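Novice: got a structure for you, letters missing:
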């Protein structure tokens, strides 16, 4: 299991702004180590978010996304007290889910 | 006619110069870049990891670091960073944040401190050390530096740090002071802080540990100083050595009253 994400969800009018910081190496598979051997690709492939359990975002990511990625999105109709959960899955099958409450 | 042309040329020159002046200074550009990134500062991740490590029972003694005395009593993290380096009676040494954490990892958790100190940055326990440093420094975010600097040992270390800061040596005859002892100096286009006084000392010392976006790494003060020595073509100082602690104390005392923004973000 990966390291924890930081999720901040703030109500803004009738919507909520969600900001997510994920801890991941996001290795592209294009780089070589000091010994000249290719460093195997290791990156997030799928990201999804739910609002009170209902899916609101799903994305496919690849090696072009930066290390320790930052993701921001708006959830329509989310209000204070609602739960926002974000999950990622990487190409090694590792997965992580974290939840935050809209404030 | 000729006079007109001269006037026109002068006007054009003035316009051209005006355009250059209207551009943002590099320092402003870098500050803007940092502000844009600050919202998603990945050092938050290291801080969270460090918090977990602080509470987690680890090491041969299967203990947490929650009884670690960082200078304000066992387990007190809040405000500890802005008073380090300081003298510790139990180890009879002046210690900075990272060397003090190392002491706690040895005495409380039973880790081999010498072995961790020998480990290259960014590997094995040094990764955890950086995360712990991020967590401890975050406990003083927004607070002002106020190193005690009132014991003989601390005052001696300040003097030592000052002399190391100004000592010129190495293949390029560099000292820290070559770049960091005057106002308004820069390297390439980036401003260099004057570390002998505020605001430079507070800004410089108070911004580490920091996440470097360009290489995606979290750096503590020990690694920062190590890199200064690399750039000066000096041999690397040992992790947690008295030389690095003396320098840290010198910078910290000079930065008294400056605000700690650590763990910060660097480009």
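Specialist: Alright, I've got the coordinates. Please read all numbers here as calculations on a predicted model, not as lab measurements.
Novice: CA only for contacts and neighbour counts going forward, please
Specialist: Noted.
Novice: Quick check: phi and psi at residue A:48.
Specialist: Phi and psi for residue A:48, reported as degrees, to the nearest 10, are phi -140, psi 150.
Novice: Ramachandran angles for the residue lying closest to it once chain neighbours are set aside?
Specialist: Excluding its sequence neighbours, the residue lying closest to residue A:48 (Cα to Cα, 6 or more residues apart in numbering or on different chains) is residue A:58, at 4.2 Å. When read as degrees, to the nearest 10, the backbone of residue A:58 gives phi -150, psi 130.
Novice: neighbours around residue A:58, how many?
Specialist: 14 (other Cα atoms under 10 Å in any protein chain shown).
Novice: Wait, it touches residue A:47, no?
Specialist: Yes: at 5.7 Å, residue A:58 counts as touching residue A:47 under the criterion of Cα atoms under 8 Å.
Novice: before we move on, back to that, ok now do the residue nearest to residue A:48, which residues does it touch?
Specialist: A:46-49 (Cα atoms under 8 Å, 6 or more residues apart in numbering or on different chains).
Novice: got any ranges where chain A has weak pLDDT?
Specialist: A:1 (pLDDT under 70).
Novice: What parts of it come near chain B?
Specialist: Contact residues (Cα under 8 Å from any Cα of the partner chain) of chain A with chain B: A:3-6, A:19-23, A:67-68, A:70.
Novice: Counting neighbours, what do you get for residue 80?
Specialist: If you meant another chain, say so; for now it's chain A. 15.
Novice: My question was about chain B, not that one.
Specialist: 25.
Novice: these two touch, right, it and residue B:68?
Specialist: No: using Cα under 8 Å, residue B:80 is not in contact with residue B:68; the gap is 11.2 Å.
Novice: what sits against the residue of chain A positioned farthest from its centre?
Specialist: The centre of chain A is farthest from one residue, residue A:35, which by Cα atoms, centre = their mean lies 31.7 Å away. By Cα under 8 Å, 6+ apart, the contact list for residue A:35 is empty.
Novice: Pull up the gap between it and residue B:190, please.
Specialist: As judged by Cα to Cα, to the nearest Å, residue A:35 and residue B:190 stand 33 Å apart.
Novice: Residue B:61 now?
Specialist: 46 Å.
Novice: now the strands for the stretch 151-267 of chain B?
Specialist: For the stretch 151-267 of chain B, the strands defined by DSSP state E, counting those that start in this stretch cover B:185-187, B:190-192, B:210-212, B:217-219, B:264-266.
Novice: The ones you listed: which one's closest to chain A?
Specialist: Smallest distance to chain A across the strands of the stretch 151-267 of chain B (Cα to the nearest Cα): 9.8 Å, for strand B:217-219.
Novice: Given the closest one, what are its sheet partners and their directions?
Specialist: If you go by DSSP bridges, strand B:217-219 pairs up with strand B:210-212 (antiparallel).
Novice: residues near the nearest residue to residue A:92 once chain neighbours are set aside, how many?
Specialist: Leaving aside its sequence neighbours, residue A:92 sits nearest to residue A:42 (Cα to Cα, 6+ apart; 6.8 Å). Number of residues near residue A:42 (other Cα under 10 Å) recorded here: 19.
Novice: so residue A:42 bridges to which residues?
Specialist: So, taking DSSP bridges as the rule, residue A:42 has residue A:27 as bridge partners.
Novice: just checking, it touches residue A:90?
Specialist: Yes: counting by Cα under 8 Å, residue A:42 touches residue A:90, with 6.9 Å between them.
Novice: mind listing what residue 63 touches?
Specialist: The chain I'm using is chain A. Neighbours of residue A:63 in contact, by Cα under 8 Å, 6+ apart: A:26-29, A:41-44.
Novice: The intended chain is chain B.
Specialist: B:56-57, B:108-109.
Novice: Of the residues you listed, which pair is most distant in space?
Specialist: B:56 and B:108 (12.1 Å; Cα to Cα).
Novice: any shared contact partners between these two?
Specialist: Listed as contacting both residue B:56 and residue B:108 by Cα under 8 Å, 6+ apart are B:63-65.
Novice: In strands, which of the residues you listed appear?
Specialist: Cross-referencing the shared contacts of residue B:56 and residue B:108 against strands under DSSP state E gives no overlap.
Novice: So which of residue B:56 and residue B:108 has more stuff around it?
Specialist: residue B:108 (20 against 14).
Novice: follow-up on the earlier one: could you dump the strands of the stretch 151-267 of chain B into JSON lines with mean neighbour count added?
Specialist: Shown next, in JSON lines, are the strands of the stretch 151-267 of chain B (neighbours: other Cα atoms under 10 Å in any protein chain shown):
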{"stretch": "strand B:185-187", "mean neighbour count": "13"}
{"stretch": "strand B:190-192", "mean neighbour count": "14"}
{"stretch": "strand B:210-212", "mean neighbour count": "23"}
{"stretch": "strand B:217-219", "mean neighbour count": "22"}
{"stretch": "strand B:264-266", "mean neighbour count": "24"}
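Novice: low pLDDT regions in chain B?
Specialist: In chain B (pLDDT under 70), the answer is B:1-24.
Novice: For the spatially most central residue of it, what are phi and psi?
Specialist: With distances taken as Cα atoms, centre = their mean, residue B:208 lies nearest the centre of chain B, 3.2 Å away. In terms of degrees, to the nearest 10, the main-chain angles of residue B:208 are phi -120, psi 140.
Novice: Report the contact partners of it.
Specialist: Counted by Cα under 8 Å, 6+ apart, residue B:208 has contacts B:219-221, B:224, B:262-264.
Novice: Chain A contacts on the stretch 101-250 of chain B?
Specialist: residue B:216.
Novice: residue in the stretch 101-250 of chain B nearest to chain A?
Specialist: residue B:216 (6.7 Å).
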